[in-house]
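**Q** need coordinates for the following:
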Amino acid sequence: MNIYALQTARGGSKSVLQKNIQIVKDKPLYLHNILYAKKSKYIKDVYVSTDIELIKNNADEYDYKIIDRPKDLMGDDASHHDTIKHAILCMEKELGEKIDIIVILLGNSIGARTVDLDSAIQMLADCQDLDSVQSVSKYNMYNPFRAFKIENDKLITSIPQNQIKENAVTSNINERAAAGDIYFFNGSFFVIRRDVVFKDDGLLPFTWLGKNIAPFIQDAYMEVDADWQLEYLRKKEF
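**A** Modelled structure (predicted):
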């Protein structure tokens, strides 16, 4: 099968300035997942869709290929899905052949370990009913019954009260137990059948993952969107 990895790494971050190229464990953050993917026994090559000059300049040294991100995909409101589709079409034009499976890596995460990538790819290849495999971590402390939003300077639950009540959350039942185990996408990777990306008829919020999505459960990884997350990854053993 034609299996390729694509990292998306946009410049102009406001949450953590230049987060994709912040140094973590003696390397720029974006580079960790690329080096993991380069060691995969299934991934033929790694491409990066970016507008960051450092990432472009490092391409030859670390043996990955660059896709220049067009201006309409550089801004804060740029669609990640459109960025992925643009990159896949550029890759296929260069390769002269269609991709079967695309592995999506993010530039602001660090958890796409080679052994996990290969296992997730094997999961998708072995089960034709699957559309994709998504990396997740279990974060029960962030279960939706504990999620709030602020309206008129007061806290209200993000989940409607009647839905919480229907799930038997009472003073006698721990709300974490009532909600069940809760898994969040942790920023490590998506492994997707190429045609599913272009169908765009899957489950929200990532409709390009399809409807049949298998979990790949990992330890506590996360995307970097705040300074404390960057410091967490700097201290994490891996």
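
**Q** max-length helix in the chain?
**A** Ranked by residue count and defined by DSSP state H, the top helix of the chain is helix 80-95.

**Q** got a list of contacts for that one?
**A** Contacts to helix 80-95, defined as Cβ atoms under 8 Å, 6 or more residues apart in numbering, come from residues 2, 4, 6, 8, 10, 47, 49, 65, 67, 69-70, 73, 98-99, 102, 104, 194, 197-198, 200, 206-208. The way it works is simple: take the backbone N, C-alpha and C, and place the C-beta from them, glycine included.

**Q** residue closest to the middle of the protein?
**A** Among the residues of the chain, the one closest to the centroid is G187, at 3.7 Å (Cα atoms, centre = their mean).

**Q** what average pLDDT does the longest helix of the chain get?
**A** On average, the pLDDT along helix 80-95 is 98.

**Q** buried set for it?
**A** 83-88, 90-91 (16 or more other Cβ atoms under 10 Å).

**Q** from E223, how far out is Q229?
**A** Taken as Cβ to Cβ, to the nearest Å, the spacing of Q229 relative to E223 amounts to 7 Å.

**Q** same for the one helix or strand I156 maps to, what does it pack against?
**A** According to DSSP states H and E, I156 maps onto strand 154-157. Using 3 or more Cβ pairs under 8 Å, 6 or more residues apart in numbering; DSSP states H and E as the contact test, the elements touching strand 154-157 are strand 148-151.

**Q** relative to K71, how far out is M141?
**A** 40 Å.

**Q** the strand holding I156: what's the following helix or strand?
**A** Following strand 154-157 toward the C-terminus (DSSP H and E): helix 161-166.
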